[in-house]
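Participant: Here is my input; please provide its structure:
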Amino acid sequence: MDELELATSFDSQRPQLRAVAYRILGSLTEADDAVQEAWLRLSRTDAGQIVSLAPWLTTVVARICLNVLRSRRTRGEQPLESLLPEPIIDHPAAGTDPEHEALLADAVGIALQVVLDTLSPPERLAFVLHDMFAVPFGEIAAMVDRSPAATRQLASRARRRVRASAPPPDPDLTRQRAVVDAYFKAAREGDLDALVAVLDPDVVLRAHRRDGDPLEVHGAGPVAQGAMTARRFAPHVRPALINGAAGVVAFDGERPFAVLAFTVIGGRAVAIDVFNDPELVGKLDIRGISP
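Facilitator: Have a look, this model is predicted:
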C-alpha cells in the first residue's frame, strides 16, 4: 500500500475514529489531536504488517485517549484548551450536520458526557469501547492492562453509574423542543408556576466552568428562581440542537455568550447544562444560528 492509498484508507476511517475519541475525551479539540496522532503513528508503521486497519486504528486512538485521561487525573485539572464536556451545536431546522452524525449516534447527550467525566480512565474506556462501539473485552483488556473478566467488570460498573445518573432522554425532538420553548416563554413572562411545571422536581442545573467541577443548582424551585433572575436574557435565545438534543444559544447583541443544553424526560427538563465560558463559546461552531 503506497502513501496515497494509506492516506485514503485512513481518511475513510477518520469519522469513526473521531467519534471514538470524542466519546472518550468529551473534547473535539483533543479528539482531533488524538486522530492526528494516530495518523502520524500509522505513517511511521509498516502498513503491510497490519492485519486489519480499522481495529488497529481504533486501538491506537483508544490508547492515545487513555493516556490523555490519565494525564488529566495526574494534573488534577482540565486541559487549558478545552472546557469539558465540549458541546456540539447544530441548527434545528437543518438537522444534524453530516460531520456530526458519527459523533452523535446513539444520543450521546451532554448529560451522558457529564457522567463519563466522573468515571476512572479504565472504566470510561471499557464502557465507551464496548457499549458504544462493540469492541470485544479481550481487545480492551490489553489496553487497560487487565484480564477480560476484570475489564467486563469495569464496563459493568460504568454502565450502572450511567443508567442511574444519565437515563436516555425522550427520543422525540418535537416534545423536547416544546419543553424548552415553554421554559423560556415562562421566563420571559415572569411566570414562576409555569417554569416549575416544566421542570422535574429533582432537576439539576449545571454551570460548567474552567477551574473546577460544575456549579450545581438542584430542585425545580431553585432552578426556576434562577431562571427568573436571568429572565432579561430569555428574549435573546435561539433554538439549537446541542449534542443532538433540544437547547438554545443565547446572544448579547450579535455575540453568542452562552449555550444551554436540556435533557428532557417524560415531558419535563431533568437537567440543564449551561456553558458560558467566553473562550469556549467563542470557539464553538455555531453555524447558521443568528441572533
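Participant: give the contact list for the closest residue to residue 255 other than its chain neighbours.
Facilitator: With sequence-adjacent residues excluded and distances taken as Cβ to Cβ, 6 or more residues apart in numbering, residue 255 is closest to residue 291, at 7.8 Å. Any C-beta I mention is one placed from the backbone N, CA and C, and that applies to glycine too. Residue 291 sits next to 236, 238, 251, 253-256 when contact means Cβ atoms under 8 Å, 6 or more residues apart in numbering.
Participant: Relative to residue 26, which of these is nearest.
Facilitator: residue 256 (20.6 Å; Cβ to Cβ).
Participant: Confirm that that closest one lies within a strand, as I assumed.
Facilitator: Yes: according to DSSP: H, G, I helix; E, B strand; the rest coil, residue 256 belongs to a strand.
Participant: Isn't it up against residue 280?
Facilitator: No: using Cβ atoms under 8 Å, residue 256 makes no contact with residue 280, being 10.8 Å away.
Participant: mind listing what the residue nearest to residue 223 when sequence neighbours are not counted touches?
Facilitator: The shortest distance from residue 223 to any non-neighbouring residue, by Cβ to Cβ, 6+ apart, is to residue 205 (4.8 Å). Residue 205 makes contact with 216-218, 223, 226, 271-274 under the criterion Cβ under 8 Å, 6+ apart.
Participant: Kindly supply the ChimeraX command isolating those of those residues that are buried.
Facilitator: Those of these that count as buried under 16 or more other Cβ atoms under 10 Å are selected in ChimeraX with:
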select :217,223,226,271,272,273,274
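Participant: Pick the one among the contacts of residue 205 closest to residue 35.
Facilitator: Checking those one by one against residue 35 (Cβ to Cβ), the nearest turns out to be residue 273, at 25.3 Å.
Participant: Across the sheet, point out what pairs with the closest one.
Facilitator: Assessed by DSSP bridges, residue 273 has beta-bridge partners residue 206, residue 261.
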